[in-house]
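Chemist: Below are the sequence and a predicted model for it; my questions follow.
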Amino acid sequence: MINTITLNPSLDYIVKVDSFKVDSLNRTEEENIYAGGKGINVSIVLKNLGVANTALGYVAGFTGDEILRQIQSHGVNCDFIKLKSGFSRINVKLKSDGETEINGSGPAITDEELNLLHEKLSHLTKGDYLILSGSIPNSVPDNIYESIMNSLLDKGVEFIVDATKDLLLKVLKYKPFLIKPNHHELAEMFNVELKDDEDIIKYGRKLQEMGAKNVLISMAGDGAILLPENGEPIKRAVPKGILKNSVGAGDSMVAGFLCGYLKNKNIDEAFKMGIATGSASAFSEELATKEQVYELLKQI
């Protein structure tokens, strides 16, 4: 079974305004509300690709109810914990001459509610996949990912981690099956400037030396590099298309990679599927569909 965790989901209120003006009345040209969160995106794309999974995490208040409604409308199984107080955050994304974002903080999570999550995860068994992705709310310990992975280490669960900086570096000792930094995040982790593919491979290797099995480094329009657990680095270009929305593209790559890997355990085929799925989301206003993915897969 595949499980995703989103500790701080959101409702993303996306508005388009023609020439936004400060200190003035502005009217929207277009507006949409989506359930947001990296783990949620992974769950939805997996389901779109025909892969059953369960989305876990925390929701609260009326916004939490809408997040659940939207996730379930995609056919994703939900097992979120409903917090006793507060409400799930609202993130505002304003698109005009430029793009401006205002992200909410999210509700507080108590120790009791943290224990409820550990209890749910304790039922995972050998062969299950757990995807931990995104930032964590201020109210939980900054070692929450470490705590989760440590508690499941003896169960044979495979981990996929898509996080940044210390949140990722600190869990590498638990030997995650896959990590997916982008090239900017990779540079930040080691406080270096990555000048070429050779540099990217060099520092990706360092992540493997620290424990990661497979390292997938996305580079937006420049393609992606995969450092397999066994084998030489592989670089692939992205298919041609018009970028419409970069939000969720990285999460879609993770979903596509896992979907491809589960078919026959071929790591390069998983890589191709990951690129096609990430690109499909980038070339669409919404998350990738199965039809879009397989059409792009023909170009890879």
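Modeler: Cool, the structure landed. For clarity, every value in this text was computed on a predicted model and none was experimentally measured.
Chemist: and residue 253, that one's in a helix?
Modeler: Yes. Counting by DSSP: H, G, I helix; E, B strand; the rest coil, residue 253 is found in a helix.
Chemist: Helices of the stretch 1-150 of the chain, residue ranges please.
Modeler: 38-48, 61-73, 111-121, 144-152 (DSSP state H, counting those that start in this stretch).
Chemist: The first one packs against which elements?
Modeler: The one in question is helix 38-48. Packing contacts for helix 38-48, counted by 3 or more CB pairs under 8 Å, 6 or more residues apart in numbering; DSSP states H and E, involve strand 2-6, strand 54-59, helix 61-73, strand 129-133, helix 249-264. Placement of C-beta: from N, CA and C, glycine included.
Chemist: wouldn't residue 35 be in contact with residue 11 here?
Modeler: Yes. If you go by CB atoms under 8 Å, residue 35 and residue 11 touch, sitting 6.6 Å apart.
Chemist: joint contacts of the two?
Modeler: 66-67 (CB atoms under 8 Å, 6 or more residues apart in numbering).
Chemist: quick one: which of the two has more around it?
Modeler: Taking other CB atoms under 10 Å, residue 35 and residue 11 do not tie; residue 35 has more neighbours (28 against 22).
Chemist: So for that one, what's the nearest residue that isn't a sequence neighbour?
Modeler: What sits nearest to residue 35 in space, not counting adjacent residues and going by CB to CB, 6 or more residues apart in numbering, is residue 70, at 4.0 Å.
Chemist: Residue 235 - that's part of a helix, no?
Modeler: No. With three-state DSSP as the criterion, residue 235 is strand rather than part of a helix.
Chemist: burial count for it?
Modeler: 15.
Chemist: Just grab the bridge partners of it for me.
Modeler: Counting by DSSP bridges, residue 235 forms beta bridges with residue 225.
Chemist: what pLDDT does it get?
Modeler: Residue 235 is assigned a pLDDT of 96 by the prediction.
Chemist: now the least confident helix or strand in the chain by mean pLDDT: how far from the chain's centre is it?
Modeler: Lowest mean confidence among the helices and strands of the chain (mean pLDDT, DSSP states H and E): strand 99-102, at a mean of 89. Mean-position distance between strand 99-102 and its chain equals 20 Å (CA atoms, centre = their mean, to the nearest Å).
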